[in-house]
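Participant: this is a predicted model, with the sequence first.
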Protein chains: 2
Amino acid sequence: MPIMKELPLVPAERALKVIGGRWKVFVLYFLFEGPKRLSELRRLIPDVSQKVLVQALREMEEHGIVDREIFAEVPPRVVYTATKLGLSLRPIVSALCTWGRQHADELNAIDERARVSATPPSRCTEVTNSRRTEVANSRRTEVTNSRRTEVANSRRTEVANPPTQRTEVANPQARRASVSTRTSLERSSTGTRRTETPSRRTSARTKPGSDIAAIRGGS
Amino acid sequence: MPIMKELPLVPAERALKVIGGRWKVFVLYFLFEGPKRLSELRRLIPDVSQKVLVQALREMEEHGIVDREIFAEVPPRVVYTATKLGLSLRPIVSALCTWGRQHADELNAIDERARVSATPPSRCTEVTNSRRTEVANSRRTEVTNSRRTEVANSRRTEVANPPTQRTEVANPQARRASVSTRTSLERSSTGTRRTETPSRRTSARTKPGSDIAAIRGGS
DNA sequence: CCGTATCCCCTCCGATACTG
DNA sequence: CAGTATCGGAGGGGATACGG
């Protein structure tokens, strides 16, 4: 009774399941370069335990994005290859990466700005990660939202972990942006329509598949 | 001591953290349409518990992809809006969705083909989810890999959940594909270089940040 | 070299109940 | 309506040891 977990129906959710997990993107990244043996992957991704790496590879194989070829030589040799479907993930991984970098830059900019405005005079031993001290602009009332103004992230059980360094980047923020152009996301392609009568709450667990008729294509 | 979890340094990993979690994409999807109140989101995503939804929204606010505006009226009103950064996720979510749909189609096609080739004569009450019965082509030896040839997914603790319907789509598979064009993914943009002396294994937990000097931009 | 099994912690997420 | 507190289960993922 191995893995297999019945992927979600909703496309985006499904995709996230497939590339989700801590190491899948790394594996993909290296498999995009070309076929790799297990030992190579282990070398390329030193922080993953073999168990988990194999697990990830099994799932990816299961999901049809990697192929596994066994060479029963001595010593045994196993080569993992990105399938066509797997290779089709390349632009997505790439986009994720690009976005992640941009996101890091923008957030750091905001954090830096927030810090210069109110610097605690005492010495900072650890990295303090503050975040927006926004003001909620109301239609009728003014409310100053001062939640979670400064959160110190205390390293937990680590020992000699390199700190998460941060630098500053000048960057403006944007307040509100008009939204309109709807993109027809979601909707499970083949079948499973269901008109979804209302008043169905607190019913079944809806765990894996999640009927989620919510994401309708229209409206 | 609320949330805040120190995002990973590696861009792609970071991005996945930001949109990861079961409901973030749904929230994003609806916020792309325009600002939404909490109650609206609850209505639009009926399967999420309020606690978790609020959690997700808090994280997304923390990560700078949604704004939260409080209107201290009676009754209280709170509106969530996608920030500029959040809106920049739209193409990614869209891509994920597209890919998920395609993935569902292709996998179903393979499954269907696998089923017609070896149909168990007994009656199938549940959906059987089989997967490739690949043959590993060796350079020297031939090895028939017949692992996990048929995995029955027995619905677990559910009650009256609409079944995961499946249809068939004609579609060929691809065997191997040449890979070469490297895209410069990864590499945390700002700072944190570290030359990483070798022979550092089985050291610290490397849990959250994960130094992962692995993903170098070059090579 | 490749892989599995075991143990164990910690996160995610759901249910429920209670405040403003 | 919006939000928090608390409990509890399921699963991901790490360390380690063992088997082909």
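Facilitator: Yep, that arrived.
Participant: measure stretch A:73-81 end to end?
Facilitator: Terminal residues of stretch A:73-81 lie 19 Å apart, using C-alpha to C-alpha, to the nearest Å.
Participant: what comes up buried for it?
Facilitator: For stretch A:73-81, burial by neighbour count (16 or more other C-beta atoms under 10 Å in any protein chain shown) applies to A:77-81. C-beta coordinates here come from the backbone N, C-alpha and C atoms, glycine included.
Participant: how about the helices in chain A?
Facilitator: Under the criterion DSSP state H, chain A carries helices at the ranges A:11-19, A:24-33, A:38-44, A:50-62, A:84-87, A:90-117.
Participant: can you redo the ones you listed as JSON lines with distance to chain B, mean neighbour count and mean pLDDT?
Facilitator: Shown next, in JSON lines, are those (distance: least, C-beta to the nearest C-beta, whole Å; neighbours: other C-beta atoms under 10 Å in any protein chain shown; pLDDT from 0 to 100):
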{"stretch": "helix A:11-19", "distance to chain B": "3", "mean neighbour count": "24", "mean pLDDT": "96"}
{"stretch": "helix A:24-33", "distance to chain B": "5", "mean neighbour count": "23", "mean pLDDT": "97"}
{"stretch": "helix A:38-44", "distance to chain B": "6", "mean neighbour count": "15", "mean pLDDT": "97"}
{"stretch": "helix A:50-62", "distance to chain B": "6", "mean neighbour count": "18", "mean pLDDT": "97"}
{"stretch": "helix A:84-87", "distance to chain B": "4", "mean neighbour count": "20", "mean pLDDT": "96"}
{"stretch": "helix A:90-117", "distance to chain B": "3", "mean neighbour count": "18", "mean pLDDT": "89"}
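Participant: possible to save these as TSV with distance to DNA strand D?
Facilitator: Output for these, formatted as TSV (distance: least, C-beta to the nearest atom of the strand, whole Å):
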stretch	distance to DNA strand D
helix A:11-19	9
helix A:24-33	8
helix A:38-44	11
helix A:50-62	4
helix A:84-87	17
helix A:90-117	15
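Participant: out of those, which comes closest to residue B:20?
Facilitator: Nearest to residue B:20, of all those, is helix A:11-19, at 6.8 Å by C-beta to C-beta.
Participant: dump the helices of chain A to a markdown table, plus distance to residue A:69.
Facilitator: Below are the helices of chain A laid out as a markdown table (distance: least, C-beta to C-beta, whole Å):
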| stretch | distance to residue A:69 |
| --- | --- |
| helix A:11-19 | 21 |
| helix A:24-33 | 13 |
| helix A:38-44 | 11 |
| helix A:50-62 | 11 |
| helix A:84-87 | 14 |
| helix A:90-117 | 21 |
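Participant: among those, which is nearest DNA strand C?
Facilitator: helix A:38-44 (2.9 Å; C-beta to the nearest atom of the strand).
Participant: output the contacting helices and strands for that closest one.
Facilitator: helix A:24-33, helix A:50-62, strand A:77-82 (3 or more C-beta pairs under 8 Å, 6 or more residues apart in numbering or on different chains; DSSP states H and E).
Participant: could you dump the ones you listed to TSV with distance to residue B:99?
Facilitator: Converted to TSV, these look like this (distance: least, C-beta to C-beta, whole Å):
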stretch	distance to residue B:99
helix A:24-33	12
helix A:50-62	14
strand A:77-82	14
